[in-house]
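> Quick one: sequence plus predicted model below, questions after.
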Amino acid sequence: MIAAELIARRWRRVDVKLVIDGEMHVLRWRRGRLYLLRAIGHNPYPAV
């Protein structure tokens, strides 16, 4: 499941909360570029 929600919209900046399969990501669109601010529930280095 994919869900997106607008968090904030300011001059030349848009913050979006994106949830993909239960993992939440906060993205920022600014000056034509997309940045990942936070990945919540995502562990890039899982325990072995």
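Right, received. Where do you want to start? Because the structure is a prediction, the values reported are computed rather than measured.
> Now for residue 6: which residues touch it?
Residue 6 sits next to 14-16 when contact means C-beta atoms under 8 Å, 6 or more residues apart in numbering. Where you see a C-beta, it was placed from the backbone N, CA and C, and this is true even at glycine.
> Return the members of the residues you listed classed as buried.
Among the contacts of residue 6, the ones that count as buried by 16 or more other C-beta atoms under 10 Å are 15-16.
> what's the closest of the contacts of residue 6 to residue 35?
Distance to residue 35 across the contacts of residue 6 (C-beta to C-beta) is lowest for residue 15, with 9.8 Å.
> Secondary structure element holding the residue nearest the centre of the chain?
With distances taken as C-alpha atoms, centre = their mean, the chain has residue 26 as the residue nearest its mean C-alpha position (2.3 Å). If you go by DSSP states H and E, residue 26 is part of strand 23-30.
> Kindly format the C-alpha coordinates of that strand as PDB.
These are the backbone C-alpha positions of strand 23-30, laid out as PDB (Å, rounded to 0.1, in the frame of the first residue of the first chain):
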ATOM      1  CA  GLU A  23       7.500   2.300   6.300                       C
ATOM      2  CA  MET A  24       7.200   6.100   6.600                       C
ATOM      3  CA  HIS A  25       9.500   8.500   4.600                       C
ATOM      4  CA  VAL A  26       9.600  12.200   4.800                       C
ATOM      5  CA  LEU A  27      10.600  13.900   1.500                       C
ATOM      6  CA  ARG A  28      11.300  17.500   0.600                       C
ATOM      7  CA  TRP A  29      10.900  18.900  -2.900                       C
ATOM      8  CA  ARG A  30      13.000  22.100  -3.200                       C
END
